[in-house]
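Asker: Model the following, please.
(one chain, ligands or ions: 1)
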Amino acid sequence: MTAKIVVVGSFNVDLTSYMERIPVPGETVMGDRFVTGPGGKGSNQAVAAARLGADVTFIGRIGQDVFASIALTIWQNENINLDYLVQDPDHATGVAPIFVENSGENSIVVVLGANLTLTTADLDAAAERIAQADVLVTQLEIKDEIAAHALKLARDHGVTTILNPAPARPLPPAMLTLADYLTPNETELATLAGRAVTDDVIEMARALLTSDQQTVITTLGSVGARYVQAGKTALVPTYPVDVVDTTGAGDAFNGGLAVALAEGKSLDEALAFANATAALCVTKPGTAPSMPDRRTVDELLQTQ
Ligand code: RIB
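Answerer: Model (predicted):
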C-alpha cells in the first residue's frame, strides 16, 4: 500500500552561492555560481517522500509573492497534496541564502517570513488528513508550539511521529515526549541535550529519551546514523559517494525515514533506506532538486 505522509513545516527559496571556501566574518570571496531553487526543511522532506513513492500532504504557509510560485511549481510537479496550504498575503515567502564550498560543506541563514505565521487553526483544519496518515513529520522552521500541536494531533490519532529538531534549539521535555522518533544531527543533539558537541553521542541521546517507546536517531554524515532506544543502540552505516553538496542531506534522510517507517520496514531497514536517500542527495547540487527517486534508492540498496 502507498505510504501516507503528512509534512508540517517550512518552505524557503534557497539562494545558493557556490565558492571555493566559505568567507570568514569581514572577508569577501569570489563565487563560482549562483542558483535560486526550492528549499525549506519541510518542503524538502515532502519532496523527498513524494519522489520515493509516498502520498504526501504538505501543511505550511508561503506568501503571495514571486517566490511563492517556485513552491507551487515543485509541489505540483511532485503531486504533493496542497489542500491545507495557506498563502499569506501579509508575509513574505521564506528565503535562505546559502553558501556551499568545494568540500560540499555549507552555511545557511534562514529568514522564515510566512513560515512563522502557521497557526494551530491551520493544523486543526487538517486534522482529518493527519488522522489518516501513517507518519507525520515536522521540524523547527515553524514555531515550537505549532510543531508540538502537529505532533499532538498525530499522536491523538495513533499516527507515528517524527520530530526533526532542525535548526536546533532547546525544547521542553513535554514536546520531546510527543515524538516517536527524534532525528537530530550531532550539533542538534548537543543543543537539545544542553551538552558540548564533543560529548558522547550515545549518552546524549539516552539523556533525551522520555519513554521506552521512543527512538533517538542521530545522523552522523558520512558515518551513517546511530539509533538509541531504552536498552538498545546500533550504528547503521551509510554508503560511500562522491560529495557535491551536503545541503538537504538531513531532509533527504527524514523523508526516506518517514516513507520506510510508513511502509512497515524494520528500524534497521528504514535507516538503511534513509541513509541511501541522503547519500544520493549529496551527490547533486541543491536541496529539493537533489532528492533521489525510488528506483535510484532501491538500486543503491541492492548494490551494497
Ligand atoms: O536543510 C536544508 C534547508 O535548510 C535549505 O533548503 C534551507 O531552506 C534551510 O531551510
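Asker: Helix, strand, or coil at the residue minimising distance to the centre of the chain?
Answerer: Centroid-nearest residue in the chain: residue 251, 3.3 Å away (criterion: CA atoms, centre = their mean). Per DSSP: H, G, I helix; E, B strand; the rest coil, the secondary structure class of residue 251 is helix.
Asker: ok, and the closest non-adjacent residue to it?
Answerer: residue 44 (3.5 Å; CB to CB, 6 or more residues apart in numbering). Any C-beta I mention is one placed from the backbone N, CA and C, and that applies to glycine too.
Asker: follow-up on the earlier one: residue contacts, the residue nearest to the centre of the chain?
Answerer: Contacts of residue 251 were listed using CB atoms under 8 Å, 6 or more residues apart in numbering, and they are 41, 44, 45, 48, 164, 281, 287, 291.
Asker: for the residue of the chain found nearest the ligand, what are its contacts?
Answerer: Using CB to the nearest ligand atom, the single residue of the chain nearest to the ligand is residue 39, 2.5 Å away. For residue 39, the contact set (CB under 8 Å, 6+ apart) comprises 11, 12, 13, 14, 96, 98, 247, 248, 286, 287, 288.
Asker: what do you get if the cut-off is 6 Å, keeping everything else the same?
Answerer: Residue 39 is in contact with 12, 14, 96, 287, counting by CB atoms under 6 Å, 6 or more residues apart in numbering.
Asker: ok, those residues vs residue 138, which is closest?
Answerer: Of all the contacts of residue 39, residue 12 has the smallest distance to residue 138: 15.5 Å, by CB to CB.
Asker: How about the residues of the stretch 101-250 of the chain by the ligand?
Answerer: Contacts of the stretch 101-250 of the chain with the ligand, taken as CB under 6 Å from any ligand atom, map to 108, 110, 141, 247, 248, 250.
Asker: For burial, what's the neighbour tally of the closest residue to residue 281 other than its chain neighbours?
Answerer: Spatial nearest neighbour of residue 281, excluding adjacent residues (CB to CB, 6+ apart): residue 252 at 3.6 Å. Residue 252 has 31 neighbours, counted by other CB atoms under 10 Å.
Asker: How much space separates residue 252 from residue 65?
Answerer: Relative to residue 65, residue 252 is positioned 27 Å away (CB to CB, to the nearest Å).
Asker: same check, this time on residue 227
Answerer: Computed as CB to CB, the residue 227 to residue 65 distance reads 40 Å.
Asker: the more surrounded of the two?
Answerer: When residue 227 and residue 65 are compared for neighbours, residue 227 comes out ahead with 21 against 16, by other CB under 10 Å.
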